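> model the structure of this input:
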Amino acid sequence: SDNSNDAIYDIRTNTPYSHNGSYWPSAYSRNVWYFNVELAKEAVKLMGFNEIQFDYVRFPDRTGSLEANGTINLNNIYGEEKAQAIQGFVMYACDSIHELGAYVSIDVFGESANNYVTSYGQFWSAISNVADAISGMPYPDHFNAHEYGISEVVWTVPYKLLYQWGQTVVSKQNIIPTPAVVRTWIQTYNATRAPYVVYDADKISQQIQALYDNG
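Next comes the predicted model:
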């Protein structure tokens, strides 16, 4: 098939757009959906996996100005919101992979649990209502320094941050008729920006405890 609608294109040159050194397929593309799901089905049928976890199901970040000034074309041929496209892919993936008796889990950024739809299309409620498991990635050094009104730099107090984030997730889960299992990724690497906190056993335990304290 013609794959010109499958990539994010540079309108000026009519070639795939290099975004921070990477080329991106468009999450609006049904061909992209099909390709990824066929790979997943192959893994289930030929390799015996009973679960497929899709990592970073999203549009690229930091493209707002590129979209606004007409630099890039996301090939949104159906006029969808980004969150619609991501949820549509998850629905399609679940329908297809469930037929083979396997589960589907989705990785999402921590901020997808916020009350706004992110620029990369991940919205907690839309994904948790469909997938079997949802894996938030609330890495403390990915948050703003004083997220949730926390006075300390949040990655220096991971219990406080993960507790507040966990409350946000619980509020989302409670309004979903069929919520996914929550299986969270946590930060186990040292902070990558100042203050450069070492993520030792205590910092890791604080994150785990905060999640358990939210159920």
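> list the contacts of stretch 47-66.
Applying C-beta atoms under 8 Å, 6 or more residues apart in numbering, the set of residues contacting stretch 47-66 from outside is 8, 17, 19-20, 22, 24, 26-27, 36, 40, 43-44, 71-72, 74, 82, 86, 89-90, 93, 97, 101-109, 118-122, 127, 132-133, 135. (C-beta placed from N, C-alpha, C; glycine too.)
> so which of those residues sit within strands?
19, 22, 72, 103-109, 133, 135 (DSSP state E).
> how about these, which pair is most distant?
Greatest spatial distance among those (C-beta to C-beta): Ile72 and Tyr103, at 34.3 Å.
> who's more crowded, these two?
When neighbours are counted by other C-beta atoms under 10 Å, Ile72 and Tyr103 differ, and Ile72 comes out ahead with 21 against 18.
> chain neighbours aside, what residue packs nearest to Tyr199?
Nearest in space to Tyr199, with sequence neighbours left out and distances taken as C-beta to C-beta, 6 or more residues apart in numbering, is Asn190 at 5.3 Å.
> isn't the one you found up against Trp155?
No. No contact is recorded between Asn190 and Trp155 when judged using C-beta atoms under 8 Å, the distance being 9.9 Å.
> how about the contacts made by the residue nearest to the spatial centre of the chain?
Among the residues of the chain, the one closest to the centroid is Val108, at 2.3 Å (C-alpha atoms, centre = their mean). With contact set as C-beta under 8 Å, 6+ apart, Val108 has these partners: 57-58, 122, 124, 127, 134-137.
> where does the protein dip in pLDDT?
Along the chain, the model assigns pLDDT under 70 to residues 1-4.
> now the helices for the protein?
The residue ranges that make up the helices of the chain, judged by DSSP state H, are 30-47, 64-68, 82-98, 124-128, 158-173, 201-212.
> okay if I get those helices as CSV plus mean neighbour count?
Converted to CSV, the helices of the chain look like this (neighbours: other C-beta atoms under 10 Å):
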stretch, mean neighbour count
helix 30-47, 15
helix 64-68, 12
helix 82-98, 20
helix 124-128, 24
helix 158-173, 21
helix 201-212, 16
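> okay, these in CSV with distance to Arg183 next?
Supplementary listing: these in CSV, determined by distance: least, C-beta to C-beta, whole Å:
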stretch, distance to Arg183
helix 30-47, 18
helix 64-68, 30
helix 82-98, 15
helix 124-128, 11
helix 158-173, 11
helix 201-212, 10
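> nearest to Trp185, of those?
Relative to Trp185, the nearest member of the helices of the chain by C-beta to C-beta is helix 201-212, separated by 9.9 Å.
> contacts for the closest one, please.
The list of residues contacting helix 201-212 from outside it, by C-beta under 8 Å, 6+ apart, reads 140, 158-163, 165-166, 184, 186-188, 197.
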